[in-house]
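Any chance you can model this:
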Amino acid sequence: MKLLRIRLFIRTLIVLIFIIFIFDFIPKKKKSVVIPKDATAKYVGEILEKQKLILSKAIFRWAVYFTMSEKKIKSGNYELYFSITTLPIVYNLIKGPKVVKVTIPEGFTVEQIAQRLYSKEIICDPIEFITYVKSKNLEGFLFPETYYFYKNQSVEDIVDKMVKEFYKKYTSEFVQRAYELKMSTYQVVILASIIEKEAKSYEEKKLVSSVFHNRLKKGWNLESCATVRYALKKFKEPLTYKDLEVKSKYNTYIYPGLPPTPICNPGIDSIKAALYPKQTDDLFFFTPDNNTLMFSKYYKQHLEKQKQIKKQKK
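You can find the predicted model right below:
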């Protein structure tokens, strides 16, 4: 009789444990939680208990000890379900936060980058991202590349990673070349950002760079439509002559020299072009079809080429 009771107790216990484990892995309401860097198992347990994701921090510490995973817990932003045994949570913390792949194209503005990160759920608030970048004066230094971020990763970590990528690409050779041109790194990035918006191929970028360098040497205005578009936030519609009169420091038709800040985040080809322009005497260029550029040394040549293009289109 006693043996029968023992067997019944064991069977009941096994069934109960089985039910608990099944319940533990049934999807429930998720909660977002941040695990800081170098957090101890004790501290993580306190965070989870406070968030009501576990019954007890003591159970969590037991689960960590049982699975020998204290040094395997990864920091980051998690979305976790409530767990009785805490084992599913421990498994997720060992696995690490979900990684999201995102590609930032060359020439994206900080607003476009913020929107893309937001659409991938990498950031929660695009305005926070934009405000942080602009407060640190880092537009132009968010290097276009394919990145792997965590969902709901901190803005500071994201920006830090992108800026570090910029300085990996901006070599000591570039620093020396900028010095030879009597330009700061910031001026190079500003010029590169304009070139990025004015030309597509690397060869054309070097030619556009030549025009801008020649104009700067002569003390002429750059007269870049790209800077006016940035001032007006008018990126698609055709510009009017009235647009070219906008009173903005970014209007290079009115104000000489470079604009106050970069107008986008340039890629490596635009940065190289800014540093190593093609050696020409050209001072003018225009695009007849949004695909190719035409260059001229003299204003009269510039006007004649425009007239020829207009005749061809008729």
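
SS state for Met148?
Actually, residue 148 is Tyr. It isn't Met. strand (DSSP: H, G, I helix; E, B strand; the rest coil).

ok, how many other residues are close to the closest residue to it other than its chain neighbours?
What sits nearest to Tyr148 in space, not counting adjacent residues and going by Cβ to Cβ, 6 or more residues apart in numbering, is Val99, at 4.9 Å. Glycine gets a C-beta too; all of them are placed from N, C-alpha and C. Close neighbours of Val99, defined as other Cβ atoms under 10 Å, add up to 12.

what's the spacing between Val99 and Val208?
Noted for Val99: a distance of 38 Å to Val208, by Cβ to Cβ, to the nearest Å.

Just the buried residues of stretch 198-211, please?
Neighbour counts over stretch 198-211 (16 or more other Cβ atoms under 10 Å) mark Glu198, Ala199, Lys200, Glu204, Lys205, Lys206, Leu207, Val208, Ser209, Ser210, Val211 as buried.

again, but for stretch 127-134
Those would be Phe129, Ile130, Tyr132, Val133, for stretch 127-134 by 16+ other Cβ under 10 Å.

Now tabulate those residues in JSON lines and tack on secondary structure.
Formatted as JSON lines, the buried residues of stretch 127-134 follow (three-state DSSP):
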{"residue": "Phe129", "secondary structure": "helix"}
{"residue": "Ile130", "secondary structure": "helix"}
{"residue": "Tyr132", "secondary structure": "helix"}
{"residue": "Val133", "secondary structure": "helix"}
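
Would you point out the most distant pair within these?
Ile130 and Tyr132 (7.4 Å; Cβ to Cβ).

could you list every residue that touches Pro105?
Pro144 (Cβ atoms under 8 Å, 6 or more residues apart in numbering).

repeat for the one 5 residues further on
When the contact criterion is Cβ under 8 Å, 6+ apart, the partners of Val110 are Phe129, Ile130, Val133, Lys134, Glu139, Leu142, Asn265.

can you do 10 Å?
By Cβ atoms under 10 Å, 6 or more residues apart in numbering, the contact set of Val110 is 126, 129-134, 138-140, 142, 159, 262, 264-265.

So which residues of the stretch 201-314 of the chain form strands?
284-286, 294-296 (DSSP state E, counting those that start in this stretch).

Could you tell me the per-residue confidence at the residue nearest to Tyr148?
On the pLDDT scale, Val99 is placed at 85.

go on, the one 3 residues further on?
As summarised for this prediction, Val102 has a pLDDT of 96.

Any idea how many residues pack against the residue nearest to it when sequence neighbours are not counted?
The shortest distance from Val102 to any non-neighbouring residue, by Cβ to Cβ, 6+ apart, is to Lys120 (5.1 Å). Look at Lys120: counted by other Cβ under 10 Å, it has 14 neighbours.

I'd say Lys120 and Pro126 touch.
No - if you go by Cβ atoms under 10 Å, Lys120 and Pro126 don't touch, sitting 11.6 Å apart.

so where is this protein shaky, pLDDT-wise?
By pLDDT under 70, the low-scoring segments of the chain are 1-29, 311-314.

mind listing the helices for it?
When assigned using DSSP state H, the helices of the chain occupy the ranges 2-24, 41-50, 57-67, 87-95, 110-119, 126-135, 155-169, 172-180, 185-198, 202-218, 225-232, 268-275, 299-313.

for these, which one sits closest to Leu293?
Nearest to Leu293, of the helices of the chain and by Cβ to Cβ, is helix 202-218 at 5.3 Å.

Just give me how far the closest one sits from the chain centre.
28 Å (Cα atoms, centre = their mean, to the nearest Å).

now swap in stretch 282-298 and tell me
With Cα atoms, centre = their mean, you get 32 Å for stretch 282-298.

Let the chain start at 259 from now.
All right, first residue 259 from here; so that's stretch 540-556.

now the end-to-end length of it.
End-to-end distance for stretch 540-556, by Cα to Cα, to the nearest Å: 7 Å.

and this protein, what are its domains?
Per automatic domain parsing, the domain ranges recorded for the chain read 280-353, 357-427, 430-571.

Contacts only, for the spatially most central residue of the chain.
Centroid-nearest residue in the chain: Ile371, 5.1 Å away (criterion: Cα atoms, centre = their mean). Applying Cβ under 10 Å, 6+ apart to Ile371 gives the contacts 360, 362-363, 381, 384, 387-388, 391, 397, 400, 402, 416-417, 420, 522-523.
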